[in-house]
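Novice: following is a predicted model, sequence given first.
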Amino acid sequence: MKLRSYVLLCHAAIEEYLENISLSVLSESLRNFEADGRIRDPLLSACSYYKILLSEEAQTRNPDDKAHDLLLKIFKKAISEHSTSIYGVNGIKTKDQDSILLPIGVRLFDFDRLLSQSLHTFGGVRGKFAHGFGFRTVTPRAGLESNVRNIFSLIRPLDNTLCKRHEVSFA
């Protein structure tokens with residue numbers, strides 16, 4: 001029972017981290033845009049991913065709105081779409097990684113295949129523990145703990161990259 005709890009807790013923590021860092025990149029990009037007017041790559045990626053069209057948003061703008069106001073509106077809409085989207089994500093498998101990170105312009109499998117595959121595999125392990133009604137899963141505790149430590153060490157470079165994503169801008 002302790003091992004099951006460990007797996008479920010680690011899985012939930014990793015998923016929450018990925019979701020929070022993704023939203024943080026967008027929020028920080030928006031704050032920077034508001035401060036200096038430079039458009040950040042994650043904001044453009046999110047607008048593209050969620051198919052938010054400037055032309056459609058321009059139709060509902062006020063005549064006295066500036067371009068900055070219109071861009072701010074579409075960026076906020078993209079962040080709102082992303083927030084709603086990740087609320088429905090329930091895992092860390094490859095499809096879930098894409099749902100969380102592709103909107104900010106990062107495909108984890110391309111960034112670090114080993115991390116992506118490790119998360120995918122751990123997501124499968126979590127599924128066995130969470131949905132294995134009545135079946136006893138025999139998994140060595142040391143192996144699972146080693147996998148989690150490995151995932152955490154692989155996440156560090158991703159974290160550094162994601163924390164710098166809001167700096168990628170266009171004048």
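Specialist: Great, that's in hand. Everything numeric in this text was worked out from a predicted model, so none of it was measured.

Novice: by mean pLDDT, point me to the weakest helix or strand of the chain.
Specialist: Of all helical and strand segments in the chain, the minimum by mean pLDDT, DSSP states H and E falls on helix 54-58, at a mean of 69.

Novice: the next helix or strand after that one: how far from the chain's middle?
Specialist: Counting by DSSP states H and E, the element after helix 54-58 in chain order, helix or strand, is helix 67-87. Mean C-alpha position of helix 67-87 versus that of the full chain (C-alpha atoms, centre = their mean, to the nearest Å) differs by 15 Å.

Novice: tell me what helix 67-87 is packed against?
Specialist: The elements that helix 67-87 packs onto, with contact taken as 3 or more C-beta pairs under 8 Å, 6 or more residues apart in numbering; DSSP states H and E, are helix 2-36, helix 41-49, helix 54-58, helix 94-101. Where you see a C-beta, it was placed from the backbone N, CA and C, and this is true even at glycine.

Novice: so which of these is the most packed in?
Specialist: Comparing the helices and strands packed on helix 67-87 by mean neighbour count (mean count of other C-beta atoms under 10 Å), helix 41-49 ranks first with a mean of 22.

Novice: quick one: contacts of that one?
Specialist: 25-26, 29-30, 33, 52, 74-75, 78-79, 81-82, 102-105, 165-166, 168-170 (C-beta atoms under 8 Å, 6 or more residues apart in numbering).

Novice: quick one, which of these are buried?
Specialist: With burial judged by 16 or more other C-beta atoms under 10 Å, the buried subset of these is 25-26, 29-30, 33, 52, 74-75, 78-79, 81-82, 102-105, 165-166, 169.

Novice: so who does residue 89 touch?
Specialist: 15, 19, 96, 99, 100.

Novice: which among those residues gets closest to residue 142?
Specialist: residue 15 (23.3 Å; C-beta to C-beta).

Novice: distance check, the closest one against residue 124.
Specialist: Distance of residue 15 to residue 124, computed by C-beta to C-beta, to the nearest Å: 14 Å.

Novice: same thing with residue 147?
Specialist: Between residue 147 and residue 124 the distance, using C-beta to C-beta, works out to 11 Å.

Novice: over to residue 80?
Specialist: Counting by C-beta to C-beta, the gap from residue 80 to residue 124 is 32 Å.

Novice: please apply the same query to residue 97.
Specialist: Applying C-beta to C-beta to residue 97 and residue 124 gives a distance of 13 Å.
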